[in-house]
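**Student:** My questions are about this predicted structure, shown below with the sequence.
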Amino acid sequence: MSLMVVSMACVGFFLLQRAWPHVDGQDKPFLSAWPSAVVPQGEHVSLQCHSHLGFTIFSLYKEDGVPTPELYNRRFWKDILLGPVTPAHAGTYRCRGSHLNSPTEWSAPSNPLVITVTGVYRKPSLLAHPGPLVKSGETVVLQCWSDMRFELFLLHREGITDDPLHLTGQLHDGGSQANYFVGPMMPALAGTYRCFGSVAHSPHEWSAPSDPLDIVIIGQHGKPSLSAQPGPMVQAGENVTLSCSSQSSFDIYHLSRDGEAHGLRLPAVPSVSGTFQADFPLGPATHGGTYRCFGSFRIAPYEWSDPSDPLPISVT
């Protein structure tokens, strides 16, 4: 693809500028994005050109995608702010450095920097099969799906700087989906996951992110105990409180109800009996269910204990 130059000069003039001789690219600057090269539509991103050679001015150009008119005939000092970002900003950028006393001599081009714009399409959904609570050594299937026909899904784990996983979208029920097998489960694989959708002709334009999905490894500590006050059989409208406790000094307790995707969490507090406990007030009882609780520590929020014994609550 022909080079689309968006620097201080028009395309023809840029190609006539002299480039300094360079060996092994040592004179080329480094281009980075802050706060991230993945930018939600409507927000801003700062592109920063760095060099140890003391360049005083820089130019920026785009190698692919839609040209960005705001960069034409622009010099900048180390960084330039782009935004509010639109899909037209998506693409691959490079910068060059120069000195004020040699304005026609430019360095070798920097590393390529891909700017990805998110929020171009509506968000997909991310599910875990058979569920997000996974025992050590087992495998969980993460399924990203959408009613749109995405040709590519991108799976990202929070806190990981590596590029997201690229998954090929498969047509399904008029939409698309992709599956990714995570396992055998270990603590390093637990965390918060999100996925995005994209299409082949615009690979740097992504959907909004899916809702976050926490994948938790269970069975890392001994199980806590779960009890009900005033008891596991209550009358409709009666207040009921579930107490999770353990001799282990857990920081957090998590309460789940069979058949529900999202549970409750509360900090653990020392009790007069020497245990660490959390009381979950469920309010006036309306319907029963089977509950379990887990304990965890703040330093490892995705590593939970074994589940407590199941506690059925009956409402009469």
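**Tutor:** Perfect, thanks for sending it.

**Student:** And residue 35, how far from residue 208?
**Tutor:** Between residue 35 and residue 208 the computed distance is 18 Å (Cβ to Cβ, to the nearest Å). Backbone N, C-alpha and C define where each C-beta goes, glycine included.

**Student:** okay, the two: which has more neighbours?
**Tutor:** The neighbour count for residue 35 versus residue 208, taken as other Cβ atoms under 10 Å, is higher for residue 208 (17 against 10).

**Student:** OK, contacts around that one?
**Tutor:** 40, 118, 119, 121, 122, 123, 196 (Cβ atoms under 8 Å, 6 or more residues apart in numbering).

**Student:** Can you flag the buried ones in those residues?
**Tutor:** Taking 16 or more other Cβ atoms under 10 Å as the criterion, what is buried in these is 40, 118, 119, 121, 123, 196.

**Student:** Could you tell me which of those belong to strands?
**Tutor:** Members of the buried ones among the contacts of residue 208 lying in strands (criterion: DSSP state E): 40, 118, 119, 121, 196.

**Student:** Pick out the most distant pair among the residues you listed.
**Tutor:** Farthest-apart pair in those is 40 and 121; separation 12.6 Å (Cβ to Cβ).

**Student:** Can you tell me the closest non-neighbouring residue to residue 113?
**Tutor:** In this structure, residue 113 finds its nearest non-sequential neighbour in residue 31, 4.5 Å apart by Cβ to Cβ, 6 or more residues apart in numbering.

**Student:** any idea how far residue 80 is from that neighbour?
**Tutor:** For residue 31 relative to residue 80 (Cβ to Cβ), the value is 11 Å.

**Student:** what sits in contact with each of those two?
**Tutor:** In terms of Cβ under 8 Å, 6+ apart, residue 31 and residue 80 are both contacted by the residues residue 47.

**Student:** Mind listing residues that contact stretch 76-87?
**Tutor:** Stretch 76-87 is contacted by residues 34, 39-50, 56-60, 66, 68, 70-71, 74, 89, 115, 117, 120, 202, 205 when judged by Cβ under 8 Å, 6+ apart.

**Student:** Can you pull out the residues in contact with stretch 126-133?
**Tutor:** Residues from elsewhere that reach stretch 126-133, judged by Cβ under 8 Å, 6+ apart: 134, 140-145, 193-195, 210-211, 213-216, 218, 256, 304.

**Student:** so residue 51 makes contact with residue 32?
**Tutor:** No: under the criterion of Cβ atoms under 8 Å, residue 51 is not in contact with residue 32, lying 11.8 Å apart.

**Student:** Which residues are in contact with residue 121?
**Tutor:** Applying Cβ under 8 Å, 6+ apart to residue 121 gives the contacts 148, 150, 197, 205, 206, 207, 208.

**Student:** repeat that with 7 Å
**Tutor:** Contacts here follow Cβ atoms under 7 Å, 6 or more residues apart in numbering; on that basis residue 121 touches 148, 197, 207.

**Student:** With residue 167 instead?
**Tutor:** 144, 153, 155, 178, 180.

**Student:** and the closest residue in space to residue 156 that isn't next to it in sequence, how many residues sit next to it?
**Tutor:** Using Cβ to Cβ, 6+ apart and skipping the chain neighbours, the partner closest in space to residue 156 is residue 164 (4.0 Å). Per other Cβ under 10 Å, the neighbour tally for residue 164 reads 18.

**Student:** confidence score at residue 164?
**Tutor:** For residue 164, the pLDDT comes out at 90.
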